[in-house]
Each structure stands twice: as structure tokens, then as C-alpha cells.
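Participant: I'll drop the sequence and a predicted model, then ask my questions.
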Protein chains: 2
Amino acid sequence: MTISKKQKIVYIGAGNVAFHFANTLSKHFEIIQIYSRNIDNAKFLSSKINCSYTNNISEIAKNADIYFISLKDDIIEDVLKKLNFKMPLSIHTSGSTDINILKNYSENFGVIYPLQTFSKQSELDLSEIPLFIEANNNFSLLSIKQIAENISQKTYNCSSENRQLLHIAGVFTNNFTNHLFSLSNKILKNTGYEFDVLKPLISETLSKAIKLGPDKSQTGPAIRNDKNIINKHLEILENYKDCQKMYSFVSESIIKENNGKKND
Amino acid sequence: MTISKKQKIVYIGAGNVAFHFANTLSKHFEIIQIYSRNIDNAKFLSSKINCSYTNNISEIAKNADIYFISLKDDIIEDVLKKLNFKMPLSIHTSGSTDINILKNYSENFGVIYPLQTFSKQSELDLSEIPLFIEANNNFSLLSIKQIAENISQKTYNCSSENRQLLHIAGVFTNNFTNHLFSLSNKILKNTGYEFDVLKPLISETLSKAIKLGPDKSQTGPAIRNDKNIINKHLEILENYKDCQKMYSFVSESIIKENNGKKND
């Protein structure tokens, strides 16, 4: 298949990834249909793209050239099993789902995994986000790479094994750090100050990690192994048990990882 | 004391906070001397400001109007004890040190605590960073507020208790998230990809937390309580024991905190 603007896409999924991918892809290809088991999501996304939508698997259009699948990992197979046709080229976008989940439903198939966090409420320029590509054969790889290059300038070939490691690194980098921001916010609520006072610190934290790298950016009581401050903080957190546990656990991890180093 | 450009400052300390504060203060006041027990640090900072320096406590100038103290918490008192004069106005910058540590060494004293992470290598515009102020009396408060307003446009009155909570929130927001970036980097090293591939995710993580707030920004397997993916990730992390423990601990915390909520 030579990838051209004439290619027709069906997008299976209407969640956060589907929302951003479908919007960008619609500038380069014809998206003919959105499927989601949640009819409101399907309708909302299709209205952005101006195409049809369905929440009925048996109504998924059979005449598309490319099928994108951005579903929660644990329902991908359920949906695929109910397709009563073979897809010419299918692509899933999951970080942790094996490429071969597509084997029985498509001759040519692969993965485009975006190392990014997606929310419908947050506008996103996809052109700089890294896309990690895997395919079942060279022909699929070429096609999928061409498609991916319409989304982002940064595409990388990637094995399943490395994709899973990237996904885990992404969980640490995004899900876990965001959870720490939530806990900070919880502590802050009792001071009367707004989350706003943390924003300059959040910006500088990221900016330093990017500029200097995280290893050189580490500061604070744990890397100094300052037991006085650590114990004082743990005492103050007596009324925030969950934060106290987290403080203790992460401090221990920092001390262990940085044994002997001091940046502060 | 009416704070004016004629006021003379001695800066006790030449670490990361001292470096940024002294540089900014030198634009508005006359800094006459830098003290640090580390002579190289003292020399380096004084050369930026064009003033004298010493690593000998007994040589600290007695004719200044304002003494700033940015030292590691556990050496502040040691240095103060060796001063053989009373300071007209003294200000420490620590998040977790009691204001009254200054009581015996100064009539007028207080705290300017910056909620920010400082590294000499990272340039920083201090004008937007929140400064939290505490003072021993109204006269000191007025003077310290005037001085602080030369550093930043955002100054807040703050009790010792709230300052300590802010410091802890800062540890979560900066030290702990940065440690997670380090662990991500460690996982990444085995994929052959550079830390660079995480940068767009880091930027978006911060930007979303700021725009939407951290509670609405949480995504990922833990908030979905997706046990399949969580267990798969824990299995893959078998060779990264420290990351595995962190993954398990933080996921449990997210599940507990967000019981019932799903953003992804």
C-alpha cells in the first residue's frame, strides 16, 4: 500500500489518545468513521472531524484502508473478536499491548506508541512528540512510518520490549509525578495558600530536569541525608498519614540511589 | 529602620540560595561581604558581586545594616554562636528552621523563605517566585517585606507552621518528582533511547498540572485501577528492584487516593 491522502481511516476508540490522533490525522487523510462503545464520545469526536460514528461493532465500516485502535488495553481483544472482516492495515497505540494481538484480524499491522499524556481538555501540538513504531513486516513498517510522519516529526523504530520499558518510564515521569503534585496540593490546602504558589517551583523543576538532567538536578534533605529535617518533616506529617508514608518511602529511595552524592 | 539603597548587607552563606538572592539583592543594596566556610564558594560569589569575602567568622563585617543567612539548617546555630556582635536586622531563608534561632543574636529578625529550587547552573528570574515572610515584630516585618519586594513581586506573610508545610509541599513537588525523573532515566538507559525522548512528556506533565490542576490531570493504569497492566509492569521491573518497589508503592497510593475516580 502506498500511503496517500486518498487513504480512508476508521478510528476505533474516542478517548484521549483517539481524540488527539484523529484530529491530527484528519488533516492528512479521510477519516470516515469513529467507533466507541460510549456513543457520546463517538459523537463528540466525529463532530470535530465531520464524519460518521457508531457504538455498534457490526456497523464498523469495512471499506477503510487503515484502522486505528486506541482502546483501553483490556478491551482491545473483545472488540477485535467481534469484527467480522479482516483489516487491510491495523495500528494500535498502546504502550503495553503486544503487537500480535492484531495478528488474526489483519495481514499488515503494527503499533504507533506516543510517549505523551493526553487529555481532551489540554490542547497539544503533536508534531514534537516521540512516536515509537513497530510492525509485523517491512511493508507494514514503511506504511506505518509514513502515516506516523504525518502526526509527528519524531518517529523511532522500537521493539515490543523497549516499548514496554518506555511505557513504564512514562508512568514514572507523568502519572507518578502528577500524583506527588496532588499530595503537595493536599498539604497546601491546610495552609490557606492556593496551588498557584507551587507553579513557579513546578516550572523550574521540569525546566531544570530538562536542562541539567535529573541526576544533576536533585536537591533537598534526602540527597543531603539530612536526618534532622527528614525526621522533623515526618513528625509534622503525623496528621497526613498517606503523605507521611510517601515522604518516608521516597526519601529512603533517594538516599539509597544517591548514596554519597550531594548536589545541595 | 527605613530600608533604602544605602543599606549595607553581609551575606552569610554562598550556596545555591545565597547565590541567587545575593545576585538579585546586589542590584538594590550594597553587599559589602560574603561569608562561607567554603572559601571557593565565597570567592566565586563575591567575584560576581564585586565585594569582599571571608571564611573566618570572626572577620564578618560588623558595620552592615542587614545580615542574610542562607546556610544548611544544621550549621546555622554553630555560625551564629561564634558571632561576637549583635546584628541590627537578620534574616534567614530556611524552610524548616524556627525564626527564634535568631533571637539571641539580633533585636530585629525574621525569615524570607523562597518556595523554589535553586542551582547555580540554572539561571532564574526571581521576580515571580513566592517569598514567605515571618518576623519577630511589626517593625521587622515592615523592613523585611520592603527588602523582599526588591527580590520578588510575590510576597506573603506566613507563620512558622505554614512555612514548614510549604517546605514539605516543596519537597514533594520538586525533590520527589525529580527523583522519579531519575528513575525514569534509569529505565530508559536500557532501551538505548536518550532522556530527550521524555522531554515532551515532562513539559506536558507540568503544563497540565498547572492548567488543569493535578487532581484533574491524573491518568494511567493506577487511577484506572488496571491490575493487568500494573502486574505486567511489576513483572518487567523484576530486574530494576528499586523501580519495582517505587512502582508498587506509588500505584497503591494513587489507587487509595483516587478510589472511584477515573480520568483516563
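Facilitator: Everything's here; your move.
Participant: need the longest strand for chain A.
Facilitator: Longest strand in chain A, counting residues (DSSP state E): strand A:106-114.
Participant: buried ones in that strand, by neighbour count?
Facilitator: Along strand A:106-114, these residues count as buried under the neighbour rule (16 or more other Cβ atoms under 10 Å in any protein chain shown): A:106, A:108-114. From N, CA and C alone the C-beta is placed, and that goes for glycine too.
Participant: could you chop chain A up by domain?
Facilitator: Domain ranges of chain A: A:8-158, A:164-257, per automatic domain parsing.
Participant: how about those domains, which one is nearest chain B?
Facilitator: Comparing the domains of chain A by their distance to chain B (Cβ to the nearest Cβ), the top pick is domain A:164-257, with 3.4 Å.
Participant: what parts of the stretch 1-150 of chain A come near chain B?
Facilitator: Contact residues of the stretch 1-150 of chain A with respect to chain B, defined by Cβ under 8 Å from any Cβ of the partner chain, are listed as A:15-16, A:72-74, A:96, A:115-119, A:121-122, A:124, A:128-130.
Participant: 7 Å - rerun?
Facilitator: Residues of the stretch 1-150 of chain A that fall close to chain B, judged by Cβ under 7 Å from any Cβ of the partner chain: A:16, A:73-74, A:96, A:115-117, A:119, A:121-122, A:124, A:128-130.
Participant: all the strands of the stretch 1-150 of chain A, residue numbers only.
Facilitator: Here the stretch 1-150 of chain A has its strands, by DSSP state E, counting those that start in this stretch, at A:8-12, A:30-35, A:52-54, A:66-69, A:87-92, A:106-114, A:131-135.
Participant: and the angle from the second one to strand A:8-12?
Facilitator: Orientation note: strand A:30-35 sits at an angle of 20 degrees relative to strand A:8-12 (axes from the mean of the first three to the mean of the last three Cα atoms, to 10 degrees).
Participant: what are the buried residues along strand A:30-35?
Facilitator: Buried residues in strand A:30-35, counted by 16+ other Cβ under 10 Å: A:31-35.
Participant: out of the strands of the stretch 1-150 of chain A, nearest to residue A:21?
Facilitator: Using Cβ to Cβ as the criterion, the shortest distance between residue A:21 and the strands of the stretch 1-150 of chain A is 6.5 Å, found for strand A:66-69.
Participant: strand partners (parallel or antiparallel) of the closest one?
Facilitator: Strand A:66-69 sits in its sheet next to strand A:8-12 (parallel), strand A:87-92 (parallel), going by DSSP bridges.
Participant: I'd like the ones you listed as TSV, with mean pLDDT appended.
Facilitator: Formatted as TSV, the entries for the strands paired with strand A:66-69 read as follows, by pLDDT from 0 to 100:
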stretch	mean pLDDT
strand A:8-12	98
strand A:87-92	98
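Participant: now, the most widely separated pair of the residues of the stretch 1-150 of chain A next to chain B?
Facilitator: The distance between the two most remote of these (Cβ to Cβ) is 30.2 Å, for A:74 and A:128.
Participant: just to revisit the earlier point, same list, the buried residues of strand A:106-114, but as JSON lines with pLDDT please.
Facilitator: Supplementary listing: the buried residues of strand A:106-114 in JSON lines, determined by pLDDT from 0 to 100:
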{"residue": "A:106", "pLDDT": "97"}
{"residue": "A:108", "pLDDT": "97"}
{"residue": "A:109", "pLDDT": "98"}
{"residue": "A:110", "pLDDT": "98"}
{"residue": "A:111", "pLDDT": "98"}
{"residue": "A:112", "pLDDT": "98"}
{"residue": "A:113", "pLDDT": "98"}
{"residue": "A:114", "pLDDT": "97"}
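Participant: ok, so of those residues, who is nearest residue A:195?
Facilitator: Comparing every one of these with residue A:195 (Cβ to Cβ), the shortest separation belongs to residue A:114, at 27.5 Å.
Participant: how deep is residue A:149 tucked in, by neighbour count?
Facilitator: Per other Cβ atoms under 10 Å in any protein chain shown, the neighbour tally for residue A:149 reads 15.
Participant: kindly report the same for residue A:17.
Facilitator: Residue A:17 is flanked by 21 other residues according to other Cβ under 10 Å.
Participant: which residue sits closest to it, ignoring its sequence neighbours?
Facilitator: Closest residue to residue A:17 in three dimensions, ignoring its sequence neighbours and counting by Cβ to Cβ, 6 or more residues apart in numbering or on different chains: residue A:70, at 4.3 Å.
Participant: next, the nearest residue to residue A:85 once chain neighbours are set aside: phi, psi?
Facilitator: Setting aside the residues directly before and after it, residue A:85 is nearest to residue A:62 in space (Cβ to Cβ, 6+ apart), at 4.8 Å. Its backbone dihedrals place residue A:62 at phi -90, psi -10, with angles given as degrees, to the nearest 10.
Participant: hmm, residue A:86 and residue A:62 touching each other?
Facilitator: No - the pair residue A:62 and residue A:86 does not pass the contact test of Cβ atoms under 7 Å, sitting 9.4 Å apart.
Participant: on that earlier part again, contact partners for the residue nearest to residue A:17?
Facilitator: Neighbour list for residue A:70: A:13, A:15, A:17-18, A:21, A:93 [criterion: Cβ atoms under 7 Å, 6 or more residues apart in numbering or on different chains].
Participant: out of those residues, who's nearest residue A:218?
Facilitator: The shortest distance between residue A:218 and any of the contacts of residue A:70, using Cβ to Cβ, involves residue A:17 and amounts to 31.8 Å.
Participant: need the contact list for the closest one.
Facilitator: With contact set as Cβ under 7 Å, 6+ apart, residue A:17 has these partners: A:70, A:93, A:114, A:118.
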